[in-house]
Every structure is written in structure tokens, then in C-alpha cells.
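Undergrad: I would like to see how this sequence folds:
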Amino acid sequence: MDFNMIIHELEKLGKERTKKIYMSNGAKEPLFGVTIGSMKPYVKQIKIDQELAEQLYATGNYDAMYFAGIIADSKAMSEADYNRWIEQAYFYMISDYIVAVTLAESEIAQQVSDKWIASGEELKMSAGWHCYCWLLGNRKDEEFSVQKMKEMLEQVKQNIHRVPPRTQVAMNNFVMTVGISFKPLHNEALQIAEDIGEVEIKHKGKKPGKVNAYAEIVKQVEKGRIGFKRKYVRC
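TA: Numbers count the residues shown, from 1 in each chain. Below you'll find the model as predicted:
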């Protein structure tokens, strides 16, 4: 399937209700409102196609950008490629669930994420912290430096209530992920989560919600899911 065929199929799959949900979270035109599930048959046909992924991502159409993330050759993309993608990410569903997820399947995930976290830019920081969430939830504990993860937890503890909203959410998710998926620092993450307390999630035009990493970690302890790892990062 080529670019024009995919765009045509995505347009047919679009639903007004889904489009409104995406837009209420920050998406903007152009978009069709395509559910992830309805994309899967086309993903199975195409599998990996970096050239097509680049064409789709460049459209600025949220649905096309999401599809691009699924079919991208994450290991073939360079740091410059990922930087180009994050620069085009205009809201968190792109930065955290397209760019960060794609990056998490690459060999340069940590080095790129570290730079984004240090950037001081809200969506880059959010993507960097979320990339670590995807990594920790998928890769073996042995692939990470315990000392580095400990330092990152401390960084969250010291700064979470002073960073922009989307970065706060990402940092909170990092603590929760360490507590659930990274056994060496489960106790440390649980303590820091308790110290942090509730984190507010702000959405434009909506009443703010609250998330509590401590409560979520405890819930997973009770379910016996500490050490949980996903088989795949991308859907």
C-alpha cells in the first residue's frame, strides 16, 4: 500500500466521536478520528516501512502520524530523525505515545531521552521520561543502571512540583513504572511516590484529574504484578 492508499483508508476509518475525543485532548486539524484497533489490519499488511512512515508523519495529520509510529523502522532511525519527529510533536499524545514509543524500540533510546529530559522543554521532557517508562516496562532489569535510575527517582522527588504539567505527569508515571516494573528499586520508588503525593492532570476545558503513583504501585503489589514486563512496546 502506498501513501495515497493509506490516507484514503484512514479517512474512511475515521469516526466523528473519536475525532472529538482526540481534539478534546489537544489534537487539531487535520485528523480523521481513527481508533488504534481499526489500524491493525493495515499494519499487518505493511509491517515496517520507514519511507512510508516518514511521508505519513510529515502530514501533521494525527491519525497518519500515529500510523507512522507503528510502521517506522525504529532501529534505523538516527538521533537526528527522532529530534525531527519530536520537534513536530505539537501535543502530548504525539510526544508520549508516538515518538517516545517508537524511540523505546531503538538502541539509542536512553541517550536521546536523557537529552530531552535535560532540554527544559515540556513535551521533550515528557517524551524523555515516558520513553523510560516504555523501556522499563519492556526490557530486562539488567539493561539499566540501578544508580542512574536511583538518581532519576531523586530528580523526580526534587522537581516534580516545579516542572510544567505534562512533565509532571510523565515524571509521576516514571516513579510508578519503576515501582512496578523495576524490582531493584521497588521500595525506593514506593517511598518517593508516597512523598510526592497526588499529581494533578490538567486538560484544557476539563476539570483537572489527580493521579497517585503510590496508590497505583500498592494496587499492583496486591495483584502480585511487581516485575511486570510487556512483551511488546508498540501495538
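
Undergrad: which residues of the protein fall in helices?
TA: In the chain, the helices defined using DSSP state H lie at 3-13, 16-24, 36-46, 50-57, 62-71, 79-87, 92-94, 100-103, 109-117, 122-136, 146-159, 165-181, 186-196, 213-222.

Undergrad: Most tightly packed of these?
TA: Mean neighbours per residue, mean count of other CB atoms under 10 Å, is largest over these for helix 100-103, with a mean of 28. C-beta: built from backbone N, CA, C; applies to glycine.

Undergrad: which residues does the nearest residue to residue 167 once chain neighbours are set aside contact?
TA: By the measure of CB to CB, 6 or more residues apart in numbering, the closest residue to residue 167 outside its immediate chain neighbours is residue 125, 4.3 Å from it. Taking CB atoms under 8 Å, 6 or more residues apart in numbering, we find residue 125 in contact with 116, 117, 119, 163, 164, 166, 167, 170.

Undergrad: Check residue 46 too.
TA: If you count contacts by CB under 8 Å, 6+ apart, residue 46 has them with 1, 6, 52, 71.

Undergrad: so how far is residue 35 from it?
TA: In this structure, residue 46 and residue 35 are separated by 18 Å, where distance is defined by CB to CB, to the nearest Å.

Undergrad: residue nearest the centroid of this protein?
TA: Centroid-nearest residue in the chain, with CA atoms, centre = their mean: residue 96, separated by 2.9 Å.

Undergrad: I figured that one was touching residue 132, is that so?
TA: No. Proximity of residue 96 to residue 132 does not meet the contact threshold set by CB atoms under 8 Å, at 11.5 Å.
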